[in-house]
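> After the sequence you'll find the predicted model.
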Amino acid sequence: MVANIRCSEIKQDQLRSFTSDQAWQALAQASNSQLIRDFGTRVAALLRSCSKGYEMEAMYFDANVRIEHHAELHTKLVALVSGPFNAQLSLLAKQQLAAFDKDFKLTLIEQPSLGFSAAAEQAAGLALGGFDLGVQELLIPGTDLTADEARSQLSALVAQHIEKAKQARIGEAVQATEVTLNKLIAVPVVELLATFPHNLWQQLHAARKQALSSCLSSLTESLTGVRLDEKEQARLVAQLSTAADKRLADLLQEAALTRVSKMRDVFNHHFNLDESGTPRTWRPKDNIGVLAKQARHKAARVLALLAIVRPEDYAGDDAVQAAIMAMAGKDIEEASGNSSSRPDGSQQEVINSSNTSTGDSRSSHAGFELATATQWPGVPTKDVLIAPHEARLAWREFMSASALSVQQAQVLQQANLMAGKRSAPLWALGAILFLGWNEFMVVLWNPLYLLLGAVLFFFGWQMYSELDVDAELQRGPVMGLVNIYNKLGGVLRTVLGHNVEVAQHLGGAVVDMVQQQQQQHTKQGQGFGSAAGDGTTVLHSQQQRQQHQSAGVRHRAGVDAGQAGVQMTSLQQAAADTAAGQEDDKHA
């Protein structure tokens, strides 16, 4: 009994002594703020000192009682030092976590070829290794305190940090890929929704698939080095597929909201432009009624294609399109019946019969009346782009706008017809006859004007051929004149250059011919001189004839102006002498 009480008192005294020890208080206080070197060794020394003090005071008491209270003392001492020990472990874990973050970022920058996952594993291994090395200085010998729980927490924090960085990397790659995906889908889809080909929905889904496939490849390439399991890969594919569907749905919804504008664009393209894309001038042979009917059918097809979302295998044969085309066919037939510009009877009959049969087949295929329908039969709400009542309103608005275009075309055609039948006024014809007689008499009295007229006619004919006036005026008088004016400068330079080259070539040929004739006459004169050297009279006459011939040739070619002037002077002198002789005869 005494041993038990005394050992308990000694135990309490040692506990109070340990807790009041300045060395222990300094360690406990510093353990919360910084890592203490040799923390485990120093704490173990204090624990041994406390145990020795208990042993020295309780050594004379019963061994069983002494050992029992010593074990209780050790347990309480371990409980006292566990708090600072755990604080040191927490500081060590924070230090290694910061080191992991730094090493991980440096590895990604300095060794990009290593890859994200490999760099994360390397940095995590270094962090856990540094933690295990630091724990060796924190473990307290003689106690059962371990760092297993702290190491597990550090490993979980490192894994969480890696996962967060991984998700950030994946998010950046997916965001950049979605931007590219939106562009790849928007470009072809906008073009398709402007032209509305016959296989519109097949091409829309094909453009979506192509863009999605390209973006999946680029995403896989950008995530090279990041290990992804099957679930993560499936999630990324589903995310990009959803983004592609959303982008396509947005573009379709935008096109549905501007349905009237797109219908008018298609109508104007087929009504106002011919097969080559040239604006129509509405000549008398253009059949406005047939062209308007065809263009309105094209516009009704646009409304039918934009009404609901179609699957990839859509072949253009469903109840929605049939109902819209049937509604449009009736209005088109009524508008064509009221039109003032009609084709001939046979052609109109064929067109009416074909359209009537088409409208009847479509109406029977539709199975419901669009005029009273409130929803499309069998179509989910999420796939509806244009409701039935919106389709009716859009078609009425389009018919009003197209009627105005048809009326304008008819007015322009009538004006062209009247302009073609109008002849020149009588005063203009009289002026042409009166003024033309004077020019005709001038040409007859002076052939030089005839030569000048021929040159001007040849030059004008070349300009007319080069400008291609007939083809340009077929585009319309205004556009043809504008095109001719734009080409006039270049064509004028080309024709002038060609004529100058021809003139230079002809002039050179004439000069060469004159020089050859001169050389031949010179050789002939030398031969005559050597054969009849003793006949001075014959030689003198031959020289005079040669001089007269060469002077005549030079005068016609325009080569030697001086000799031509001398010849003219001699001729004038002879004429003067003749006139003087006649005057003398008269006086005599």
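That came in fine, so what should we check first? Residues are numbered from 1 along each chain as shown.
> Spatially central residue in this protein, please.
residue 187 (6.3 Å; C-alpha atoms, centre = their mean).
> Helix or strand next in line after the strand or helix carrying it, which one?
Taking DSSP states H and E as the definition, residue 187 sits inside helix 148-195. Where DSSP H and E defines the elements, the next helix or strand beyond helix 148-195 is helix 200-222.
> returning to that earlier point: tell me the contacts of the residue nearest to the centre of the chain?
Listed by C-beta atoms under 8 Å, 6 or more residues apart in numbering, the contact set of residue 187 is empty. Using the backbone N, CA and C atoms, a C-beta is placed for each residue, glycine as well.
> Please apply the same query to residue 301.
Counting by C-beta under 8 Å, 6+ apart, residue 301 touches 196, 321, 325.
> Equivalent analysis for residue 239, please.
Neighbouring residues of residue 239 by C-beta under 8 Å, 6+ apart: residue 174.
> what do you get if the cut-off is 10 Å, keeping everything else the same?
Residue 239 sits next to 170, 174, 177-178, 219 when contact means C-beta atoms under 10 Å, 6 or more residues apart in numbering.
> got the phi/psi numbers for it?
Phi and psi for residue 239, reported as degrees, to the nearest 10, are phi -70, psi -50.
> what does the model give it for pLDDT?
Residue 239 carries a pLDDT value of 93.
> circling back to that earlier point, pick the one among the contacts of residue 239 closest to residue 16.
Distances from residue 16 to the contacts of residue 239, taken as C-beta to C-beta, are shortest for residue 170 (58.7 Å).
> What pLDDT does the model give that closest one?
Residue 170 is given a pLDDT of 92.
> do residue 573 as well
At residue 573, pLDDT is 47.
> The one 3 residues further on too?
According to the prediction, residue 576 has pLDDT 46.
> likewise residue 585?
Model confidence at residue 585, given as pLDDT, is 43.
> Next: residue 326.
In this model, residue 326 carries a pLDDT of 89.
> separation between it and residue 306?
17 Å (C-beta to C-beta, to the nearest Å).
> ok, those two, which is more surrounded?
Using other C-beta atoms under 10 Å, the more surrounded residue of residue 326 and residue 306 is residue 306, with 25 against 21.
> you'd agree that one is up against residue 251?
No - the criterion here is C-beta atoms under 10 Å, and residue 306 misses it with residue 251 at 11.2 Å.
> Need the overlap of contacts for the two.
Listed contacts common to residue 306 and residue 251 are residue 193; contacts here mean C-beta under 10 Å, 6+ apart.
> ok, and residue 43, which helix or strand is that part of?
If you go by DSSP H and E, residue 43 is part of helix 39-57.
> Which strands and helices lie in contact with that helix?
Counting contacts by 3 or more C-beta pairs under 10 Å, 6 or more residues apart in numbering; DSSP states H and E, helix 39-57 is packed against helix 2-19, helix 22-30, helix 63-110, helix 116-138.
> can you put those in JSON lines and add distance to residue 461 and mean neighbour count?
Formatted as JSON lines, the helices and strands packed on helix 39-57 follow (distance: least, C-beta to C-beta, whole Å; neighbours: other C-beta atoms under 10 Å):
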{"stretch": "helix 2-19", "distance to residue 461": "125", "mean neighbour count": "16"}
{"stretch": "helix 22-30", "distance to residue 461": "112", "mean neighbour count": "14"}
{"stretch": "helix 63-110", "distance to residue 461": "78", "mean neighbour count": "17"}
{"stretch": "helix 116-138", "distance to residue 461": "78", "mean neighbour count": "18"}
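> As TSV, those helices with mean pLDDT and distance to residue 315 would be great.
Output for the helices and strands packed on helix 39-57, formatted as TSV (pLDDT from 0 to 100; distance: least, C-beta to C-beta, whole Å):
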stretch	mean pLDDT	distance to residue 315
helix 2-19	79	90
helix 22-30	86	82
helix 63-110	87	52
helix 116-138	89	47
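> Tell me which of the ones you listed approaches residue 507 most closely.
So among the helices and strands packed on helix 39-57, helix 63-110 is nearest, using C-beta to C-beta, at 80.7 Å.
> Select the longest helix from the chain.
Selection of the longest helix in the chain by residue count, based on DSSP state H, yields helix 477-531.
> which of the contacts of residue 239 sit farthest apart?
Most distant of the contacts of residue 239, by C-beta to C-beta, are 170 and 178, 12.2 Å apart.
> Between these two, which contacts overlap?
Counting by C-beta under 10 Å, 6+ apart, the contacts common to residue 170 and residue 178 are 219, 239.
> circling back to that earlier point, quick one: the helices and strands packed on helix 39-57 as CSV, columns for distance to residue 280 too.
Below are the helices and strands packed on helix 39-57 laid out as CSV (distance: least, C-beta to C-beta, whole Å):
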stretch, distance to residue 280
helix 2-19, 106
helix 22-30, 96
helix 63-110, 65
helix 116-138, 63
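> Next secondary structure element downstream of the least confident helix or strand in the chain by mean pLDDT?
Ranked by mean pLDDT, DSSP states H and E, the weakest helix or strand in the chain is helix 345-366, scoring a mean of 39. Using DSSP H and E, the helix or strand that follows helix 345-366 in sequence is helix 388-421.
> Fine, thanks again, bye for now.
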